[in-house]
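# pasting the sequence and the predicted model now:
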Amino acid sequence: MDRDVKNAGFRALKTNLFRYEDGRPKGWRPGFGAPFYPELNVEPGLLRDLRMHLDALREGAGPDVEILLDLNFNAKTEGFLRILRALADFPLFWVEIDSFSPEALGYIRRHSPHPVSSCETLLGLREFLPYFREQAMDVAIVDTPWNGVWQSMKIAAAAEAHEVNVAPHNFYGHLSTMMNAHFAAAVPNLRIMEIDMDRLPWDDELFTGRPRIENGELVIGDAPGWGLDPDEQALRARPPR
């Protein structure tokens, strides 16, 4: 997969935390109850597996593809710092950290050897402001489908006033990708835009078009609106289960 990223022309890839059992990776998401590990402590085995995982990605993707690490809510302040110290010598584009405390996140950022991104779970400008005031992150991640692009533009403007760049949160389908693409094209403080390339085989059937990617870059066309629409008949044919 990491070689696929390089061959497709993408300049960056993002990964989460994984533990390795019998040589096979398994997602490590205690912040979401998988496994149920509410204390969220970071143990030596996790650090070993994480380093092995990142080294493999670097070897496969090569030196010119940036690596982004997403830690979500999977540790607490002490644990996040332990991970950051363990990876101090590893080149990372950013480390993505979710914290309910802007003060804690600001403390982490001031002790981090890597840029810190955060805030993808926040809704509305009011929730972002304490994080901006605390200078808690280098990049503010804005979920435009949940906030709405109009509100997201306000958040991006506030980030710009605090000397912070933004990145749209985008692990959804084609319509959200195009909403985020228009947001990304309109703001002056864009850092990067993510996209989930692992799609369902029938994903394209649900929309009147699909995002066009050339040499690792998303191309915004001249179609009206967001550039594509949901196909309601196709959506009804595949109801949620």
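Great, that's in hand. Numbers count the residues shown, from 1 in each chain.

# may I ask which helix or strand of this protein has the lowest mean pLDDT?
Ranking every helix and strand in the chain by mean pLDDT, DSSP states H and E puts helix 2-7 at the bottom, with a mean of 76.

# so what does that one touch, helix or strand wise?
helix 44-61 (3 or more C-beta pairs under 8 Å, 6 or more residues apart in numbering; DSSP states H and E). C-beta coordinates here come from the backbone N, C-alpha and C atoms, glycine included.

# how about low-confidence regions in this structure?
The chain contains residues with pLDDT under 70 at 1-2.

# which stretches of it form strands?
All strands of the chain, identified by DSSP state E, fall at 12-15, 18-21, 24-27, 66-72, 94-97, 116-118, 139-142, 165-168, 212-214, 217-219.

# could those strands go into JSON lines alongside mean neighbour count?
Below are the strands of the chain laid out as JSON lines (neighbours: other C-beta atoms under 10 Å):
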{"stretch": "strand 12-15", "mean neighbour count": "18"}
{"stretch": "strand 18-21", "mean neighbour count": "14"}
{"stretch": "strand 24-27", "mean neighbour count": "12"}
{"stretch": "strand 66-72", "mean neighbour count": "19"}
{"stretch": "strand 94-97", "mean neighbour count": "25"}
{"stretch": "strand 116-118", "mean neighbour count": "25"}
{"stretch": "strand 139-142", "mean neighbour count": "25"}
{"stretch": "strand 165-168", "mean neighbour count": "25"}
{"stretch": "strand 212-214", "mean neighbour count": "12"}
{"stretch": "strand 217-219", "mean neighbour count": "13"}
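
# okay if I get those strands as TSV plus distance to P35?
Formatted as TSV, the strands of the chain follow (distance: least, C-beta to C-beta, whole Å):
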stretch	distance to P35
strand 12-15	19
strand 18-21	9
strand 24-27	9
strand 66-72	14
strand 94-97	20
strand 116-118	24
strand 139-142	25
strand 165-168	29
strand 212-214	35
strand 217-219	35
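
# so which of those gets nearest Y37?
strand 18-21 (11.1 Å; C-beta to C-beta).

# who are the neighbours in contact with Q151?
Going by C-beta atoms under 8 Å, 6 or more residues apart in numbering, Q151 touches 124-125.

# now it: how far from G173?
20 Å (C-beta to C-beta, to the nearest Å).

# do you know how far the closest residue to Y131 other than its chain neighbours is from R85?
In space, and not counting its chain neighbours, Y131 is closest to P102: 4.4 Å by C-beta to C-beta, 6 or more residues apart in numbering. Going from P102 to R85 by C-beta to C-beta gives 22 Å.

# which of those two has more neighbours?
Using other C-beta atoms under 10 Å as the criterion, P102 and R85 rank with P102 on top: 21 against 12.

# could you verify my assumption that that one touches L129?
No: the pair P102 / L129 is not scored as a contact, 9.0 Å apart, by C-beta atoms under 8 Å.

# okay, now L84: neighbour count?
21.

# same deal with L54?
Residues contacting L54 under the criterion other C-beta under 10 Å number 17.
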